[in-house]
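> Turn this into a model:
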Amino acid sequence: MGSKQYDVVIAGAGPAGSSTAIRLARAGRDVLLIEQKKFPREKLCGEFISPECLERFEELDVLPAIDQANPPSLSKTVFYSRSGHPLPILAEWLGSDHENAIGISRSRLDELLLERARDAGAEIREETTGHPYLADGKLEYISLKTHDGRAETVACGIAIDATGRTRGLSRAIDSNGKPHRAEHVAFKTHLADAKVEKGACELYVYPEGYGGSSEVETGLHNMCFIVKAETVKHLGNDPERIWRETMLKNPRANEALGSATVSGEWLAVPITDLGIGDPVPAKGLLSVGDAASFIDPFTGSGIALALESSRLAAEAILENKSFDTIAAAYRRIYDPTLRRRMRFSSYIRFVGKSGWVADRLIWLLSRNERLRKLAAAGTRLNDAR
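The predicted model follows:
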């Protein structure tokens, strides 16, 4: 079945989906990239782009366009304990040819990556969703539907789920794919007149969770934070009230953000299903980015994970012929490449849940630069090849 045949159909035009499309399209594959939203659009994200991401953007030939957006350079991340004690981590310790991170809004970054995918030769369809259909456990075709109700069926050799935590394609074929009940909720907006240290990404620990802020290319500051779901309910699901009565309990957060004003829409999503998932959910289907594995936002490396998994998936497709060999190649390198980072992230998440442990750890690391460097390296990718 299918009115048109593609080599690859990718669902989701975030960093994982668009970067996969770029790699495959410029290698001569016939790629369809579908996206539920119309770009530009806001996305819940810390909007901290670590130095290793810049290496991938160079490979994708999108770094010049990103540089033209004039994103601020971020030379360090500073963690603040519940009492406001600082713990600086330099960006140069993250192991990259690029010494500094940058701050850029997801609305701009994702738009630039989508434009690059189009230039590379991928067919782009925004405001379109896809539903996969299987026969005998194998992907047969994908049904597309646009926002105005038009439908089409397309065939493809491989589909890629890059829909993020929603796992749009994977959950459509997995009867057990419902997410677990969320213990935390993440919020994001942009602030004007924040007093965050210039060139720094600041992260704050407080009794109900953790969050942070850093400048983006518009001159505003991204603010992204996580709070216990029970606290969100108790505070009436009011984002600004939740922010002021939780995050601003941290004295440094209150100093830097207390007099700032909200200058953008509030976004909120439940945090579920952290950890490594299945990069090959079904025969004919691969998953990349958050759709495959969701790393704790506290590590500031979600986009790096998306870019790396998309690289691994694209290389597996380009270097192998049958889906079985593609899947085997992708699984073989995916797990060892990412597992160390995910395991270290779980340790950080455990520490973050216990405020006094976080306070003690911040105090200890702040007194020992060597330990700080090791901690920074633990959140970076471990390339197994």
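> secondary structure class for D324?
helix (DSSP: H, G, I helix; E, B strand; the rest coil).
> Tell me where the model's unsure across the stretch 201-350 of the chain.
Counting by pLDDT under 70, the stretch 201-350 of the chain contains low-confidence residues at 273-276, 296-300, 339-350.
> can you confirm A328 is in a helix?
Yes. The assignment for A328 is a helix, going by three-state DSSP.
> so how far is D161 from it?
Applying C-beta to C-beta, to the nearest Å, the value for A328 to D161 is 18 Å. (C-beta placed from N, C-alpha, C; glycine too.)
> same deal with L318?
According to C-beta to C-beta, L318 stands 19 Å off from D161.
> Comparing the two, which shows the higher neighbour count?
Each of L318 and D161 has its neighbours counted (other C-beta atoms under 10 Å); D161 has more, 31 against 13.
> Now do that one against A260, distance only.
D161 sits 37 Å away from A260 when distances are taken as C-beta to C-beta.
> Also I66?
The gap separating I66 from A260 is 26 Å, by C-beta to C-beta.
> again, but for S50
For S50, the distance to A260 equals 24 Å [C-beta to C-beta].
> Quick check on these two: which one has the bigger neighbour count.
Taking S50 and A260 together and counting by other C-beta under 10 Å, S50 has the greater number of neighbours (28 against 18).
> Does the more buried one touch A306 like I think?
No. The pair S50 / A306 is not scored as a contact, 11.6 Å apart, by C-beta atoms under 8 Å.
> Longest strand in the chain, by number of residues?
The longest strand of the chain (DSSP state E) is strand 151-161.
> name the helices or strands packed onto the very next helix or strand once past that one?
Proceeding N to C from strand 151-161, the next assigned helix or strand is helix 168-172, under DSSP states H and E. Using 3 or more C-beta pairs under 8 Å, 6 or more residues apart in numbering; DSSP states H and E as the contact criterion, the secondary-structure elements in contact with helix 168-172 are strand 128-135, strand 151-161, strand 285-287.
> The chain: helices as residue ranges?
15-25, 51-59, 63-68, 106-120, 168-172, 229-234, 239-245, 251-257, 302-319, 323-353, 355-366, 369-378 (DSSP state H).
> Distance to L286 added to the ones you listed, as a markdown table?
Shown next, in a markdown table, are these (distance: least, C-beta to C-beta, whole Å):
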| stretch | distance to L286 |
| --- | --- |
| helix 15-25 | 9 |
| helix 51-59 | 18 |
| helix 63-68 | 26 |
| helix 106-120 | 17 |
| helix 168-172 | 10 |
| helix 229-234 | 31 |
| helix 239-245 | 35 |
| helix 251-257 | 40 |
| helix 302-319 | 5 |
| helix 323-353 | 6 |
| helix 355-366 | 36 |
| helix 369-378 | 27 |
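> Nearest to R82 among those helices would be which one?
helix 355-366 (5.3 Å; C-beta to C-beta).
> For the closest one, the averaged confidence score.
On average, the pLDDT along helix 355-366 is 68.
> what do you get for stretch 185-199?
Along stretch 185-199, the predicted local confidence has a mean pLDDT of 97.
> got the end-to-end distance for that stretch?
Length of stretch 185-199, first residue to last, C-alpha to C-alpha, to the nearest Å: 28 Å.
> Now it: buried residues?
Of the residues in stretch 185-199, those scored as buried under the neighbour-count criterion (16 or more other C-beta atoms under 10 Å) are 185-191, 194-196, 199.
> and what of stretch 209-225?
Across stretch 209-225, burial judged by 16+ other C-beta under 10 Å covers 209-218, 220-225.
> Which of those fall within strands?
Among the buried residues of stretch 209-225, the members found in strands (DSSP E) are 209-215, 221-225.
> Any idea how many residues pack against A291?
When neighbours are defined as other C-beta under 10 Å, A291 has 31 of them.
> wait, I meant D324
Using other C-beta under 10 Å as the criterion, D324 is surrounded by 10 other residues.
> What of Y206?
By the other C-beta under 10 Å criterion, the neighbourhood of Y206 contains 23 residues.
> From V269, how far off is it?
Noted for Y206: a distance of 19 Å to V269, by C-beta to C-beta.
> V9 too?
To V269, V9 is 25 Å away according to C-beta to C-beta.
> okay, the two: which has more neighbours?
The residue with more neighbours, out of V9 and V269, is V9; 28 against 16, by other C-beta under 10 Å.
> Please name the nearest non-neighbouring residue to that one.
C156 (4.3 Å; C-beta to C-beta, 6 or more residues apart in numbering).
> same thing with E115?
Take E115 and drop its neighbours on the chain: the residue closest to it by C-beta to C-beta, 6+ apart is A65, 7.4 Å away.
> Please verify my assumption that the one you found contacts L113.
No. Contact criterion C-beta under 8 Å: A65 and L113 do not qualify, at 9.0 Å.
> More neighbours: the two, which one.
Counting neighbours by other C-beta under 10 Å for A65 and for L113 shows that L113 has the greater number, 26 against 18.
> can you tell me which residues contact that one?
13, 15, 18-19, 22, 60, 62 (C-beta atoms under 8 Å, 6 or more residues apart in numbering).
> That one and H85: what is the separation?
Applying C-beta to C-beta, one obtains 38 Å for the distance of L113 from H85.
> Could you give the bridge partners of the residue nearest to V9?
Y6 (DSSP bridges).
> what's the burial count for it?
The criterion is other C-beta under 10 Å. On that basis, C156 has 25 neighbouring residues.
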